[in-house]
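Chemist: what follows is a predicted protein model with its sequence.
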Amino acid sequence: MKHIVVVGAGLGGMSVALELRQRMPASYQVTVVGEGPDFQFVPSNPWVAMGERRRDQICLPVAEQLEPRQIRFSPEGVKAIDAEQRQLTLGDDGKLDYDYLVLCTGPRLDFAAVPGAGPEGFTQSICTVDHAEQAYLAYQALLENPGPVLVGALQGASCFGPAYEYVLTLEAALRKKKLKEKVPITFVTSEPYLGHLGLGGVGDSKGLMEHEFRERGIQWICNARVKAFEDGKANIEELNRKGEVEFSHERPFKLAMFLPPFKGTEAVAAVPGLCNPKGFVITDDCQRSPRYPEIFAAGVCVAIAPPEATPVPTGVPKTGFMIESMTTAIVENLLQLERGEEPHAHPTLNAVCLADMGDTGAAFVALPQNPPRNTNWTSKGKWVQLAKVAFEKYFLYKVRHGTSEPVYEKYVMSALGIHRLKEEEKEKE
């Protein structure tokens, strides 16, 4: 009996585990190892931070979803990986042998890169549901005692969409509460321009975001390198295109929310020859480790080179569409290996980002993610909010009911396609 172990119980881990169980022979054992008992739908964290969702609406107990489907689950996390012996040491010091290992661990949040950053310092985060709940308390305190707000992404960050969602949703909420004039907002980002998104821009994302920020009275600092956060104050350097410090800013804040840079998780990063210097897993076109052919990886833990060098380092985002594409390719490649074939399934690596903006939304579609692209498109409208709600609804349905159906491909992309066709029809008229 072959044993396939999936490390990580997030969007990627749950997707690959459910598809493995559905497509692999029943005699194969599938085990998921997570950190803690719950699945968290991370894309909804900006809503939690604004009080528009509760923890119980976006979290599900993993064991209750997997074990009835003959998928074993451990909430202990992984302490060490012995890739030569194909064995994991779990957080409780238990041992777990595997024939194949699929890494969907997500990132380690590197708040230590900037002194004073993070929920244990002076800034908020929306990277986990715990952080988002703490950010909601900070938002409530802001309503009681209004003042300046800073929102953004630190140098080395690779996930920008949630920062845009948060700042625009926050602005819309403050405007609705008639508090906007008491809360000046500044967006601080390592991106070379608004709407870069770690992708070199998508369609007219630059023009769209600059227009949106001007309309809403949000200031911005790009090419920003944050030196340190203090209690109620941020020290920021603004670089020019040559990477030289052009301006220094000292900005006060009542509330600050910043996305950190990511690193690989410690157990994964410690495996010799598996990862790049930041701890992200090196894979070939089949999502397979060149050093350890029985190890595959999907999602944020995978090393992907940025499409271009920027004055302040920026990483590459991994969106839900891309992650589902990776997990489907991994399952297909495992099936091919078990048939005695060489794996040849490749993920599409397309980028689709749906961003709620409080009173509207924006969609960014890059197919493939890195230029040159077949599709390079940005659009705005309330329909994007509905599409994101649909994604949340259908992915939670997928986890609850154990279906391996790719949510992005079936639901989100169909919504995007229908909207694009309507836009083209309007243009013809």
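Modeler: Received it, and whenever you're ready, just let me know what you need.
Chemist: give the rounded mean pLDDT of the one helix or strand residue 168 maps to.
Modeler: Residue 168 is part of helix 161-176 when elements are defined by DSSP states H and E. Mean pLDDT, computed over helix 161-176, is 98.
Chemist: stretch 257-268 now?
Modeler: On average, stretch 257-268 scores 97.
Chemist: do the same with stretch 20-36
Modeler: 96.
Chemist: elements contacting the helix holding residue 168?
Modeler: helix 45-49, strand 149-153, strand 185-189, helix 205-216, strand 255-259, strand 351-356 (3 or more C-beta pairs under 8 Å, 6 or more residues apart in numbering; DSSP states H and E). (Glycine included, C-beta is placed from N, CA and C.)
Chemist: contacts only, for the residue lying closest to residue 361 once chain neighbours are set aside.
Modeler: Nearest residue to residue 361 in three dimensions, chain neighbours excluded: residue 384, at 2.9 Å (C-beta to C-beta, 6 or more residues apart in numbering). Taking C-beta atoms under 8 Å, 6 or more residues apart in numbering, we find residue 384 in contact with 354-357, 360-363.
Chemist: return the two entries of these that lie farthest from one another.
Modeler: The widest separation within the contacts of residue 384, taken as C-beta to C-beta, falls between 354 and 360 and amounts to 12.0 Å.
Chemist: neighbour count for the two, which is higher?
Modeler: The neighbour comparison of residue 354 against residue 360 (other C-beta atoms under 10 Å) goes to residue 354, with 28 against 16.
Chemist: list the beta-bridge partners for the more buried one.
Modeler: With DSSP bridges as the criterion, residue 354 is bridged to residue 363.
Chemist: show me the shaky parts of the stretch 151-300 of the chain.
Modeler: Across the stretch 151-300 of the chain, nothing is flagged by pLDDT under 70.
Chemist: about what we covered before: export the helices and strands packed on helix 161-176 to TSV and tack on distance to residue 113?
Modeler: Formatted as TSV, the helices and strands packed on helix 161-176 follow (distance: least, C-beta to C-beta, whole Å):
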stretch	distance to residue 113
helix 45-49	20
strand 149-153	12
strand 185-189	15
helix 205-216	25
strand 255-259	11
strand 351-356	24
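Chemist: residue 325: which of those is closest?
Modeler: Closest among the helices and strands packed on helix 161-176, using C-beta to C-beta: strand 351-356, at 10.2 Å.
Chemist: which neighbouring elements make contact with that closest one?
Modeler: Checked by 3+ C-beta pairs under 8 Å, 6+ apart, strand 351-356 has helix 161-176, helix 320-338, strand 361-367, helix 382-401 packed alongside it.
Chemist: of these, which approaches residue 151 most closely?
Modeler: Per C-beta to C-beta, nearest to residue 151 of the helices and strands packed on strand 351-356: helix 161-176, 4.0 Å.
Chemist: tilt between the closest one and strand 255-259?
Modeler: Between helix 161-176 and strand 255-259, the angle comes out at 160 degrees (axes from the mean of the first three to the mean of the last three C-alpha atoms, to 10 degrees).
Chemist: buried set for helix 161-176?
Modeler: Using 16 or more other C-beta atoms under 10 Å as the burial criterion, the residues of helix 161-176 that qualify are 161-175.
Chemist: that one vs strand 361-367, what angle?
Modeler: For helix 161-176 against strand 361-367, the angle by the same axes, to 10 degrees is 160 degrees.
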